[in-house]
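> Need coordinates for the below:
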Amino acid sequence: MTVVGWVQIILYCAIIAAITPVLGAYMMHVFSGERTLLSPVLRPVERALYWVGGVDEKREQSWVYYTIGMLFFHIGGFLILYAIMRLQAPLPFNPAEQSAVAPDLSFNTAISFITNTNWQNYGGEGTMSYLTQMLALTHQNFLSAATGIVLAVALIRGFARASARTVGNFWVDITRCTLYILLPLCVPYALFLVWQGIPQTLGAYVDATTLEGAKQTIAVGPVASQIAIKMLGTNGGGFFNANAAHPFENPTALSNYVQIISIFALGAALTNVFGRMVGNQRQGWAVLAVMAVLFLSGVVVCYWAEAHGNDILNAMGLTGGNMEGKEVRFGIAASSLFAVITTDASCGAVNAMHDSFTALGGMIPLINIQLGEIIVGGVGSGMYGMLLFVIISIFVAGLMVGRTPEYVGKKIEAKEVKMAMLAILVLPLMYLGWTAVATVNPDALSQTANPGPHGFSEMLYLYTSSTGNNGSAFAGISANTLFYNITGAVAMFVGRFWMIIPTMAIAGSLAFKKSVPPSAGTFPTTGGLFVGLVVGVIIIVGGLTFFPALALGPIVEQFATVAGTTFASN
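Here you go, the predicted structure:
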C-alpha cells in the first residue's frame, strides 16, 4: 500500500462528491420537464419523437401501466438484438466476415444487454460484427441504462408525491433520459477516449508484422463510442474480450481514472435527485453516506489484500503484492479500486482479472454484488435497490420504538415491507439455486478449469454476477455452453425484472399515500444514527444470503459425491 495509491482513492472520493450535486440538479430539471441549456436544440427533437411514437407527454401513467410499458419495451429490444446477431453474416459493416452467432449464445447475449448485465460468453472482436456492436449492443447500452434511471426516478416520485395515482410516463422519461442526459455526456466522452488512443473506425482489421517477422491481425472498430456508454451507463460489456484491460479500451492511466469516475457519476447523482425531489437534500446525502461507508470498507480490504499478497507468493520471492492478472500500466492500487467500483456499480467492466486476485481480495467483489448491487449500483438500479433497504431499515426502527415507521413524510406499512423483501430475496434464490444445480451437473462441472473450492467460487461468482446484473467474472469457466447460456440468461432476467415489479408496486403505493408531517416521535433520517442503522441492516440481510453461500462448499461437494460427479477438492 502506497501514498500514491491512497491519494488516488481520496481524490476519487472528492471528485464524486463534487460532481454529485451538479449532475443531480441537472437531472432533476430534466425529469421535471423544466428548461435546460440544451432545450433550444433538443426540444424540437423530443417533440418529433413523441409525434412519431404517438406519445402524449402530458399524460402520466399509473405504476402498472408504467411497468407494462417498460416490459414491452424490453421485449422489443430482445427481439431486435436476437435478430441482428442471428443475421449478422449477410448484414453490412462486417469486414472480418463474422458468421451468425449461435442461437443459445444469441439468446444469452440479448437477455444480457437488455438487463444491463452485459455478461459476455464470447470474445467481442472474434464474434460480433461492427453493425452488431453498434446497432445491437451499443444501442441497448443506452436504453437499458436509461431504463434503470427512469425506474429510480419513478420510485422517487412515489416518495415525493402525495395522494397521486401516477408515477410519470415511461415513454417520456426514457426519451428525456437518453436525449438530455446520456447522449450529451457520451459524445464529448467518446471524443476524449479517441484522444487517449481508443479506435473509432469502420475500417477493416489491421494486418501487422511483429518484430519477430510474424503476421498479426489487430482488431479495431467503432470502439470509443461503445466504451463511453459502457462506463457511463454501468453496462460493462467490452468491445474486446479483455475488456478494460485491453489497451484499445483503456490505454492510459488518465483514461482509466476518467472511466472509473464515469462509472459512479450518474448513480451517485441520483441520490441528490432524491434529496431535491423530496424537498430535503440532506436525505440524499444520508443515502450517499451509506453507500460511501460500504464502498470505502471494500476498497480498504481489497487494496490491503492485493498489496500484501499471500504467503505462497512471498515464499517464492514475489514480494510487493499480488500483480498476477493485473496490467503493469495500472498497478495494484488502480486495479483494486477499479474492481471494487465496478462491482459496487453493477458495471462489470474489468481492468484486471478478478479470478487472479487473492482469496480476500476476490471475495470483496463477490460480496459487493451479493449485497444487491446497492453501493451506488447500476445507474438507477442501485438507487432503487438502496431505497428498498432503507424501507426495511425504517421498518426495523419502527419495531424498536413501537410506532408506525415513516420516511420522508410517508408511512411505511406492511405492503411496502413485503414488496421490499420480495424484491431482495429474489437475488439469493437465483444465485444460490443455480449454483447448487451447476455443481451437480456433469456438463457444467466439465467446463470448470479449477476443481475444488475455487471452482465452486467461479460458479458462484458466475450466477451472482448474472443475477446482480453485473457482468464481471471469475473467468475460469468456459461458459459458452447450452447449460450456462440458458441458466445464466434466466438468472439475469429474474434478477432484473423480478426486482423491478415489486419496486414499482411500492412506488405506486407510496405516491397514493398522503404526506405525514414530522413529529417529535419521527425517526431522524439525515444523521449518523440513520446511516449506521441502514449499513447494519444491509450487512445483516446481505450476510444471511452470503454466508450460506460460503457454507455451501462442503455440502455441495457431498451432494456431488453422492451423484457420482467429479467435484474434486484441492
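
> Assumed residue 433 was part of a strand.
No. Going by DSSP: H, G, I helix; E, B strand; the rest coil, the assignment for residue 433 is helix, not a strand.

> For residue 440, see how far away it is.
For residue 433, the distance to residue 440 equals 12 Å [C-beta to C-beta, to the nearest Å]. Quick note: C-beta positions are derived from backbone N, CA and C, even for glycine.

> do the same with residue 486
As judged by C-beta to C-beta, residue 486 and residue 440 stand 17 Å apart.

> which of the two has more neighbours?
Neighbour count, other C-beta atoms under 10 Å: between residue 486 and residue 440, residue 440 has more, with 17 against 14.

> List the neighbours of stretch 65-81 that are in contact with it.
61, 106, 109-111, 113-114, 136-137, 140, 143-144, 147, 151, 154, 167-171, 174, 497, 500-501, 504 (C-beta atoms under 8 Å, 6 or more residues apart in numbering).

> Keep only those of the residues you listed that are in helices.
Mapping those onto helices (DSSP state H) picks out 106, 109-111, 113-114, 140, 143-144, 147, 151, 154, 170-171, 174, 497, 500-501, 504.

> Just the buried subset of those, please.
106, 109-111, 113-114, 140, 143-144, 147, 151, 154, 170-171, 174, 497, 500-501, 504 (16 or more other C-beta atoms under 10 Å).

> thinking again about what came up before, quickly list what's touching both of residue 433 and residue 440.
In contact with both residue 433 and residue 440: no residue, using C-beta under 8 Å, 6+ apart.

> Check for me that residue 207 belongs to a strand.
Yes. Assessed by three-state DSSP, residue 207 belongs to a strand.

> Read off the pLDDT value for the nearest residue to it once chain neighbours are set aside.
Of all residues not flanking residue 207 in the chain, residue 217 sits nearest, at 5.7 Å (C-beta to C-beta, 6 or more residues apart in numbering). We have a pLDDT of 88 for residue 217.

> which SS state does residue 217 fall under?
Taking three-state DSSP, the label given to residue 217 is strand.

> okay, now it: neighbour count?
11.

> And stretch 282-293, how far out from the chain middle?
Here stretch 282-293 is found 19 Å from its chain centre; the criterion is C-alpha atoms, centre = their mean, to the nearest Å.

> now swap in stretch 37-57 and tell me
Here stretch 37-57 is found 29 Å from its chain centre; the criterion is C-alpha atoms, centre = their mean.

> Which residues does that stretch contact?
33, 169, 171-172, 175-176, 179-180, 184.

> Now restrict these to buried residues only.
169, 171-172, 175-176, 179-180, 184.

> between the residues you listed, which is closest to residue 523?
Residue 523 has its nearest neighbour among these in residue 169, at 33.5 Å by C-beta to C-beta.

> Now do stretch 357-373, average pLDDT.
88.

> what do you get for stretch 119-128?
For stretch 119-128, the mean per-residue pLDDT is 88.

> got the end-to-end distance for that stretch?
14 Å (C-alpha to C-alpha, to the nearest Å).

> What lies in contact with that stretch?
85, 88, 96, 98, 101, 105, 108-109, 112, 133, 136-137, 205, 219, 221, 237-241, 348, 465-466, 471, 473, 479-480, 484-485, 488, 492.

> Tell me the buried residues in that stretch?
Of the residues in stretch 119-128, those buried (16+ other C-beta under 10 Å) are 119-122, 124-125, 127-128.

> what stretches of the stretch 251-400 of the chain score poorly on pLDDT?
318 (pLDDT under 70).

> run the last query once more with 80
309-320 (pLDDT under 80).

> Out of the buried residues of stretch 119-128, which comes closest to residue 250?
residue 124 (14.1 Å).

> Show me the strands in this structure, by range?
Taking DSSP state E, the strands of the chain run over residues 206-209, 215-218, 406-407, 410-411.

> Comparing these, which comes out most buried?
Mean neighbour count (mean count of other C-beta atoms under 10 Å) peaks for strand 406-407 among those, with a mean of 23.

> just for the protein, where's the confidence low?
In the chain, residues with pLDDT under 80: 1, 309-320, 401-404, 451-452, 475, 518-522, 542-570.

> Just flag the most distant two among the buried ones among the contacts of stretch 37-57.
Of all pairs in the buried ones among the contacts of stretch 37-57, the most separated under C-beta to C-beta is 169 and 184 at 21.2 Å.

> can I get the CA coordinates of stretch 391-405 in PDB?
Extracted in PDB, the C-alpha atoms of stretch 391-405 (Å, rounded to 0.1, in the frame of the first residue of the first chain):
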ATOM      1  CA  ILE A 391     -37.600   0.800   3.800                       C
ATOM      2  CA  ILE A 392     -36.500  -2.400   5.700                       C
ATOM      3  CA  SER A 393     -34.300  -0.300   8.000                       C
ATOM      4  CA  ILE A 394     -37.100   2.200   8.800                       C
ATOM      5  CA  PHE A 395     -39.400  -0.800   9.500                       C
ATOM      6  CA  VAL A 396     -36.900  -2.200  11.900                       C
ATOM      7  CA  ALA A 397     -36.600   1.200  13.600                       C
ATOM      8  CA  GLY A 398     -40.400   1.400  13.900                       C
ATOM      9  CA  LEU A 399     -40.400  -2.000  15.600                       C
ATOM     10  CA  MET A 400     -37.800  -0.800  18.100                       C
ATOM     11  CA  VAL A 401     -39.900   2.200  19.300                       C
ATOM     12  CA  GLY A 402     -43.300   0.700  18.800                       C
ATOM     13  CA  ARG A 403     -44.800   3.100  16.200                       C
ATOM     14  CA  THR A 404     -45.600   3.100  12.500                       C
ATOM     15  CA  PRO A 405     -42.400   3.900  10.700                       C
END
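
> Contacts for that stretch next, please.
Counting by C-beta under 8 Å, 6+ apart, 406-407, 411-413, 416-417, 420-421, 424, 506, 521, 523, 525, 530, 533-534, 537, 541 sit against stretch 391-405.

> sorry, back to before: turn the buried ones among the contacts of stretch 37-57 into CSV, including distance to residue 48.
Below are the buried ones among the contacts of stretch 37-57 laid out as CSV (distance: C-beta to C-beta, whole Å):
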residue, distance to residue 48
169, 17
171, 14
172, 14
175, 10
176, 14
179, 11
180, 14
184, 17
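
> ok, which stretches of the stretch 251-400 of the chain are helices?
In the stretch 251-400 of the chain, the segments counted as helices under DSSP state H, counting those that start in this stretch are 253-277, 281-308, 311-315, 331-344, 359-370, 381-401.

> hey, which of these is tucked in deepest?
Mean neighbour counts for the helices of the stretch 251-400 of the chain (mean count of other C-beta under 10 Å) peak at helix 331-344, with a mean of 27.

> starting at the chain centroid, how far to that one?
15 Å.

> Mind giving me the packing neighbours of that helix?
Where contact means 3 or more C-beta pairs under 8 Å, 6 or more residues apart in numbering; DSSP states H and E, helix 331-344 is packed against helix 3-31, helix 253-277, helix 281-308, helix 359-370.

> Can you give the contact residues for the last one?
Meaning helix 359-370. Contacts of helix 359-370 (C-beta under 8 Å, 6+ apart): 298, 301-302, 305-306, 310, 322, 336, 339-340, 342-344, 346, 354-355, 357, 375, 427-428, 431, 457, 460-461, 464-465, 468, 470, 472, 474, 542, 545-546, 549.

> Quick one: buried ones out of the contacts of stretch 391-405?
Buried members of the contacts of stretch 391-405, counted by 16+ other C-beta under 10 Å: 406-407, 411-412, 416-417, 420-421, 424, 506, 523, 525, 530, 533-534, 537, 541.

> Please narrow those residues to those residing in helices.
Members of those lying in helices (criterion: DSSP H): 416-417, 420-421, 424, 506, 530, 533-534, 537, 541.

> between those, which is nearest residue 11?
Of those, the one sitting nearest to residue 11 (C-beta to C-beta) turns out to be residue 534, at 26.4 Å.

> wait, doesn't the closest one sit right on residue 390?
Yes. Using C-beta atoms under 8 Å, residue 534 makes contact with residue 390 at a distance of 5.9 Å.

> now residue 22, nearest residue through space, not along the chain?
Closest residue to residue 22 apart from its sequence neighbours, by C-beta to C-beta, 6+ apart: residue 269 at 7.9 Å.
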